[in-house]
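**Q** what's the 3D shape of this:
(one chain, ligands or ions: 1)
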Amino acid sequence: MLAKTMAEYLNEQLNLELYSANLYLQTSAYCRYKGFDGAAAFLKIHSQEEMKHMQRLFDYLSNTGALAFIGLIKEPPVKFNSLENVFKYTYAHEQEITEKINNLANIALNTKDFLTFNFLQWYIAEQNEEEKLFKSVVDKFTLVGDSGSSLFLVDKDLQSMASNLQHHTIE
Ligand code: OFO
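**A** Below you'll find the predicted structure:
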């Protein structure tokens, strides 16, 4: 049985993962609206990944005798100045999530909740991957600049990244 405070912290994280799913779905809508179909596909797949992060927490809470609860999820931003801005924003968001996960792991360790500490290892590894992924997209903009043809290339690249991710998800 999870300690009450740990269940509260994990529920907070569950709701943050739901926010992440909404953020990626909303940014996908923005990209599609602006004609960046590759970026839209990439972000939409990522939204599905975030739902899996949420469900993992949902199951852990349920399986340890706690009550998972869905709270009020804040609205994600709708408008951005540029495609690069979308990815700078999402990269910063991933960095924040990493901090949250690390903080949770720290609390679990300090309270000797080794089961939760063990559960969080998956998230620690996952965050490392997500940060790498989003940084690699931000780096593309630095490399190619922001002219129309550069954006076209980045968008094309995101389309192939989306196809790879889709493939990975199906396997
Ligand atoms: Fe993007 O890792 Fe969950 O939130």
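**Q** Now do the helices in this structure.
**A** When assigned using DSSP state H, the helices of the chain occupy the ranges 4-33, 37-63, 83-110, 114-144, 148-170.
**Q** give me the number of residues near residue 18?
**A** Neighbouring residues of residue 18 were enumerated by other CB atoms under 10 Å; the total is 20. All C-beta atoms are positioned from the backbone trio N, CA, C, and that covers glycine.
**Q** go on, the one 10 residues further on?
**A** As a burial measure, the neighbour count of residue 28 was computed by other CB under 10 Å and equals 21.
**Q** List the contacts of it.
**A** 39, 40, 41, 42, 43, 44, 47 (CB atoms under 8 Å, 6 or more residues apart in numbering).
**Q** And those residues, which is closest to residue 108?
**A** Relative to residue 108, the closest of these is residue 47; by CB to CB it sits at 27.3 Å.
**Q** so how far is the ligand from that closest one?
**A** With distances taken as CB to the nearest ligand atom, to the nearest Å, residue 47 is found 10 Å from the ligand.
**Q** what's the burial count for the residue nearest to that residue when sequence neighbours are not counted?
**A** Spatially, and ignoring its direct neighbours in sequence, residue 47 is nearest to residue 24 (3.7 Å; CB to CB, 6 or more residues apart in numbering). Summarising burial for residue 24: neighbours were counted as other CB under 10 Å, giving 23.
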